[in-house]
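J.: have a look; sequence and predicted model below, questions after that.
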Amino acid sequence: MATEEGGKLEFHPMDQFIVKPLFGEAGDPVHFYTITNVTLWMALAVVAIVLLLVVGTRGRAIIPSRAQSIAELIYGFVYKMVEDVTGKDGIKYFPYIFTLFLFILCSNFLGLIPMSFTTTSHIAVTAIMAMAVFLTVTILGFVKNGAGFLSLFWVSSAPLALRPILAVIEVISYFVRPVSHSIRLAGNMMAGHAVLKVFAGFAQVAAVAPIAILGVVAIYGLEVLVSAIQAYVFTILTCVYLKDALHPHH
């Protein structure tokens, strides 16, 4: 994170995002089948979801425990979001959207643990999720509406002369969706954690340590908020894209 070299304090805030093999030497190559620190923390996110939804709600008590209350609160929050944005037709896709939200939320919060790894800070992880949403929505749009799905790109309310130009813009913006969808999440998580590490490095300097520590506390609190907001943003954008697939004429 920070080292003293030649009398100067050097920061390495991006070292926390290096993908390393979980077994073997630090410099070993990483292949698609290699178990890495990313694999470990993604698995821990899945374990956290299972503990919350399966173990935490196993009692199904009328007076819920804390874990059951949290699970029910998240369930109701996401269900209402899907229903409000996509309508009744989108409820059948709630399990997929709920899974996305929980995975991103748990991954973001686990990344706030000291010495952990934030999997959602890697574009390789967020791009897979964004591309899965893009392909699912596109395929669903054609399955549900056939060629009528193409009406999503034709702005019928615009003047006739402008419609072809707007159609090109709409097509481009549609295919840019997975890029913006993935970069927004990865960029926000990476930037926040990098700034947090920089302030933590300054905390080693006695002259500015009190200010740096206050900065760490403030940024950490902000990162807790950002972790929840980014999970919400990714999920609600998924709902908006799903609405376009179900109701392209609206």
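T.: Received the coordinates, thanks.
J.: switch to C-alpha atoms for all contacts and neighbour counts from now on
T.: Fine.
J.: pLDDT of the one helix or strand Tyr79 maps to, averaged?
T.: Taking DSSP states H and E as the criterion, Tyr79 maps to helix 66-86. The pLDDT scores in helix 66-86 average 93.
J.: now that helix: buried residues?
T.: 67-71, 75, 78-79, 81-83, 85-86 (16 or more other CA atoms under 10 Å).
J.: what's the pLDDT at Pro29?
T.: 82.
J.: what about it, how many neighbours?
T.: Per other CA atoms under 10 Å, the neighbour tally for Pro29 reads 10.
J.: measure it to Val133 for me?
T.: For Pro29, the distance to Val133 equals 30 Å [CA to CA, to the nearest Å].
J.: hmm, back to that, other residues contacting the helix holding Tyr79?
T.: 52-53, 56-57, 60, 90-91, 94, 97-98, 101, 236, 239-240, 242-243, 246 (CA atoms under 8 Å, 6 or more residues apart in numbering).
J.: mind saving the C-alpha coords of that helix as CSV?
T.: C-alpha atoms of helix 66-86 as CSV (Å, rounded to 0.1, in the frame of the first residue of the first chain):
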residue,chain,number,x,y,z
ARG,A,66,-32.7,-10.0,12.8
ALA,A,67,-31.4,-12.1,9.9
GLN,A,68,-34.9,-12.9,8.7
SER,A,69,-35.9,-9.3,9.0
ILE,A,70,-33.0,-8.2,6.8
ALA,A,71,-33.8,-10.9,4.3
GLU,A,72,-37.5,-10.0,4.1
LEU,A,73,-36.6,-6.3,3.9
ILE,A,74,-34.3,-6.9,0.9
TYR,A,75,-36.8,-9.2,-0.7
GLY,A,76,-39.6,-6.7,-0.5
PHE,A,77,-37.4,-3.9,-1.6
VAL,A,78,-36.3,-5.6,-4.8
TYR,A,79,-39.7,-7.1,-5.5
LYS,A,80,-41.3,-3.6,-5.3
MET,A,81,-38.6,-2.2,-7.6
VAL,A,82,-39.2,-4.9,-10.2
GLU,A,83,-43.0,-4.5,-10.0
ASP,A,84,-42.9,-0.7,-10.2
VAL,A,85,-40.4,-0.5,-13.1
THR,A,86,-41.4,-3.5,-15.3
